[in-house]
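Chemist: give me a model of this one.
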Amino acid sequence: MNILIIGGAGYIGSHVAREFLDQGHRVTVFDNLSSGLRKNLFPEGNFIHGDILNYPDLLRAALGKTDRLQPGPKSGVSGGEYAKGGFDAIIHLAAFKAAGESMVKPEKYSVNNISGTVNILNAAAEAGIPNIVFSSSAAVYGEPAYLPIDEKHPTKPENYYGFTKLEIEGFLDWYDRLKGIHFAALRYFNAAGYDVKGRITGLEQNPANLLPVIMEGAAGIRPEIQIFGNDYDTPDGTCIRDYIHVSDLATGHVAALNYISRNNKSLKVNLGSETGFSVLEILETARKVSGQPVPAKIVGRRPGDPAKLTASAQLAKETLGWTAKHSDPETLIKTTWEVYKKN
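Modeler: Residues are numbered from 1 along each chain as shown. Modelled structure (predicted):
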């Protein structure tokens, strides 16, 4: 298939692009490089430097009529060949994702996440692109009413970021009904790790998640890391989260697109490992793998942090034939540490 990956130069997007290329698909990345990196692009693919908030540029890209195409040296695709063929699918990974920032800058998230997605949907409709795979989030669920969280769990997001993801899922429902654009909304849990084959080395920009923060501590970028609370109702008192390796997320995107294109049917599905690890478990594993002390300080709890958050991925197993294969702590940390050492 011919795939347009919006946000494909970013941390998750580059892994998704790599997986589609590995599976023999034709890939074009559309990215404004605000957080993505040119070093995360691959020579077999194509690249368009553009922004989802610039609708004319986005539409030209979706139609295959852009003059901004930069064919990779191994893509074997000229601008003329590219312009003749339409895209079979869009992979949308261009939303802002910092939950804390979204609570103080909701306007930023409204414009990029919501308005930008409306632009993507309108471009897909106008260009006749029939499928969209969207990177949603477990943040759509909010405080867990029960564990593990499955897709029937109430959706009551507790931050504005999660709200934008849920609203986007609503837009996707309507465009499916009105425009016949089938979609998969993939509700990620905690993405972590790097390509298990070591082919992606561009560090995530301004990371806020636990594992890259710990790696910055191991690399000496941070003098110490903060652990937000050690008095939770968990075995060691620290929060437990479901970490999913980004290579597993990438295979989930391919499986999801295969499903919706073959069945002409949309779905919303969790991608998680179904196993929870505590902050201290991750920290101790990082110290062991890196051989670094990683100084840490216990500080107060953050508002809205549940003690435990784990996924049910049963629906992904049943519908997509997908399971997490690389999401153990050692693999998550080893693949991340290798990239930090290279940088």
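
Chemist: now do the phi/psi pair for residue 226.
Modeler: Dihedral pair for residue 226: phi -110, psi 140, per degrees, to the nearest 10.

Chemist: burial measure for it, as a count.
Modeler: 13 (other C-beta atoms under 10 Å). To be clear about C-beta, it is placed using only N, CA and C from the backbone, and glycine gets the same treatment.

Chemist: give the contact list for the closest residue to it other than its chain neighbours.
Modeler: Distances taken as C-beta to C-beta, 6 or more residues apart in numbering put residue 299 closest to residue 226, at 4.9 Å, once the chain neighbours are dropped. For residue 299, the contacting residues are 226, 227, 228, 229, by C-beta atoms under 8 Å, 6 or more residues apart in numbering.

Chemist: Throw those into JSON lines and include secondary structure, pLDDT and distance to residue 290, thanks.
Modeler: JSON lines is the format used below for the contacts of residue 299 (DSSP: H, G, I helix; E, B strand; the rest coil; pLDDT from 0 to 100; distance: C-beta to C-beta, whole Å):
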{"residue": "226", "secondary structure": "strand", "pLDDT": "95", "distance to residue 290": "18"}
{"residue": "227", "secondary structure": "strand", "pLDDT": "96", "distance to residue 290": "17"}
{"residue": "228", "secondary structure": "strand", "pLDDT": "95", "distance to residue 290": "22"}
{"residue": "229", "secondary structure": "coil", "pLDDT": "96", "distance to residue 290": "24"}
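
Chemist: strands of the stretch 1-150 of the chain, residue ranges please.
Modeler: 2-6, 26-31, 46-49, 69-71, 89-92, 131-137 (DSSP state E, counting those that start in this stretch).

Chemist: what lies in contact with the second one?
Modeler: With C-beta under 8 Å, 6+ apart as the test, strand 26-31 has contacts from 1-10, 13, 17, 20-21, 41-42, 44-50, 52, 58, 61, 69, 77, 82, 87, 94.

Chemist: ditto for the last one
Modeler: The set of residues that contact strand 131-137 without belonging to it, under C-beta under 8 Å, 6+ apart, is 7, 12, 88-93, 95, 97, 117, 120-121, 124, 161-162, 165, 168-169, 172, 181-188, 253, 256-257, 260-261, 268.

Chemist: next one: that strand to chain centre, how far?
Modeler: 9 Å (C-alpha atoms, centre = their mean, to the nearest Å).

Chemist: same check, this time on the fourth one
Modeler: Taking C-alpha atoms, centre = their mean, one finds the center of strand 69-71 at 24 Å from the center of the full chain.

Chemist: do the third one as well
Modeler: Averaging C-alpha coordinates over strand 46-49 and over its chain gives two centres that are 19 Å apart (C-alpha atoms, centre = their mean).

Chemist: what is it packed up against?
Modeler: strand 26-31, strand 69-71 (3 or more C-beta pairs under 8 Å, 6 or more residues apart in numbering; DSSP states H and E).

Chemist: any of the contacts of residue 299 buried? List them.
Modeler: 227, 228, 229 (16 or more other C-beta atoms under 10 Å).
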